[in-house]
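Peer 1: Coordinates for the following, if possible.
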Amino acid sequence: MKISRRSMLALMAASGLAPLHAAEMPEPLKVLGKRKGLNVGNAIGGRHFRDPAYQALMARECNMLVAENEGKWQALEPQPGQYNFGPADEMYAWAKSQGMLIRGHNLIWQEAKWLPKWVNDYDFGAQPAKAAEALLRKHVTTVCDHFGDAIYSYDVVNEAVDQKTGELRKNVFTERLGAVPQMDLAFRLAHERAPKAELVYNDYMGPDAESAKHRAGVLKLLHDLKSRGTPIHALGLQSHIGSSDDLSTAARQREWRKFLDEVTGMGLGLLITEFDVNDRKLPVDIAKRDAGVAALAKDYLDVTLSYRQCRDFLLWGMTDDASWLQVWKEAKREDGAQMRPTPFDDQRRAKPLRDAIAAAINAAPVRAVS
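Peer 2: Residues are numbered from 1 along each chain as shown. Here you go, the predicted structure:
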């Protein structure tokens, strides 16, 4: 009798096999990725950057770093003209010492509530369009010039499409420049100041039916930018997946492939930029939950990594205690149990999710050398 992969994962988890300690770990994910032309990275920041054990785990498994918050406008310029590059500089210097590539996240977080308060309160004066362009130019130029060639890839614009309506979000820049023209300007400025960097639009649309409008809105935005000749190179797939993103059925896979086919058909690359698995709808039993998380991940990654245009895979936290999902109220479990959304537990021990990621990388096709 043939046992399905999903059943096998469940059996392995239910068997009570002890998680592997770091000394017993198989080949690092970055080594597996290198064989396939795939970079493997992680978002790090705050107290976890100061944790030697966490740093060591990341250095072992990853060849790419993205700052979780330290590269955002709110962190870099909390007050007008008062820059705070220190935390990001320190983090990037560490990444460089480890031979890691660096992703910049992000130049513009489109939703108004994520812009610095002073930007939302900015007096654009009698010539608002001219003032808005000048402010945007100053920010992008200052950030790109400061980091120079250190940044391999930039999320130029983050989350511009409303997930419920598929329409473009509004902010102080879109109100004065127009949404697509504002984003086009941001990409052109980034290309001018960081000509070697990959320029990415990043968003969290998924394969589930509820994301249909979100996916359609993202596709329209990408088409509009491409039609203007905007220097955009890739789409970032945040990939904060959960039970609603289950790709175990052929119908779900067709819908996701249809979306990815249209993106890559525009000549754009793909990145998995913020991967984790929300387990709030899975059983509280840890063995069953870990098996369910691993199965969801393997199904999603098998489809998404089958695209050779996808050359980067980044986790949004490597250990459960480092995950943003532990504090995001919309993500918490109703039973109050701690989330287990990452490849390693709080003691830095590998979980079935780590094996699922490794298996998906091993199953992925080799990417051509660029």
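Peer 1: Any idea how many residues pack against Q347?
Peer 2: Neighbours of Q347 under the rule other C-beta atoms under 10 Å: 12. C-beta coordinates here come from the backbone N, C-alpha and C atoms, glycine included.
Peer 1: Local confidence estimate at the closest residue to D208 other than its chain neighbours?
Peer 2: By the measure of C-beta to C-beta, 6 or more residues apart in numbering, the closest residue to D208 outside its immediate chain neighbours is S244, 4.3 Å from it. pLDDT for S244: 90.
Peer 1: And A18, by the same measure?
Peer 2: Per-residue confidence (pLDDT) for A18: 40.
Peer 1: what's in contact with stretch 181-198?
Peer 2: With contact meaning C-beta atoms under 8 Å, 6 or more residues apart in numbering, stretch 181-198 is reached by 104, 107-108, 110, 132-133, 136-137, 140-141, 144-145, 147-149, 151-154, 156-157, 160, 173-174, 177, 199, 201, 221, 225, 228, 230-234, 269.
Peer 1: Also stretch 143-151?
Peer 2: So stretch 143-151 is contacted by 76, 83, 85, 88, 92, 96, 102-104, 107, 154, 189-190, 193-194, 196-197 (C-beta under 8 Å, 6+ apart).
Peer 1: Could you pull out the buried residues of it?
Peer 2: For stretch 143-151, burial by neighbour count (16 or more other C-beta atoms under 10 Å) applies to V143, C144, F147, A150, I151.
Peer 1: if I pick the residue lying closest to F344 once chain neighbours are set aside, what's in contact with it?
Peer 2: Nearest residue to F344 in three dimensions, chain neighbours excluded: T319, at 4.5 Å (C-beta to C-beta, 6+ apart). With contacts taken as C-beta under 8 Å, 6+ apart, T319 has the following neighbours: H48, Y54, L57, T342, F344, D345, D346, R348.
Peer 1: for the stretch 1-150 of the chain, which spans come out with low pLDDT?
Peer 2: 1-25 (pLDDT under 70).
Peer 1: could you redo the last one with a cut-off of 50?
Peer 2: Across the stretch 1-150 of the chain, the ranges flagged by pLDDT under 50 are 1-23.
Peer 1: Show me where it has its helices.
Peer 2: Secondary structure of the stretch 1-150 of the chain, counting by DSSP state H, counting those that start in this stretch: helices at 5-14, 29-36, 46-49, 52-61, 73-76, 86-97, 117-120, 128-147.
Peer 1: what about those, which gets the closest to A359?
Peer 2: Closest to A359 of these, according to C-beta to C-beta: helix 5-14, at 8.6 Å.
Peer 1: Show the subsequent helix or strand relative to the helix or strand harbouring V303.
Peer 2: V303 belongs to helix 286-304 when assigned by DSSP states H and E. With elements assigned by DSSP H and E, the helix or strand that comes after helix 286-304 is strand 310-315.
Peer 1: Show me what counts as buried in that next one.
Peer 2: Here strand 310-315 shows C310, R311, D312, F313, L314, L315 as buried, counting by 16+ other C-beta under 10 Å.
Peer 1: Could you do stretch 167-184 as well?
Peer 2: 168-169, 171-174, 176-177, 179-184.
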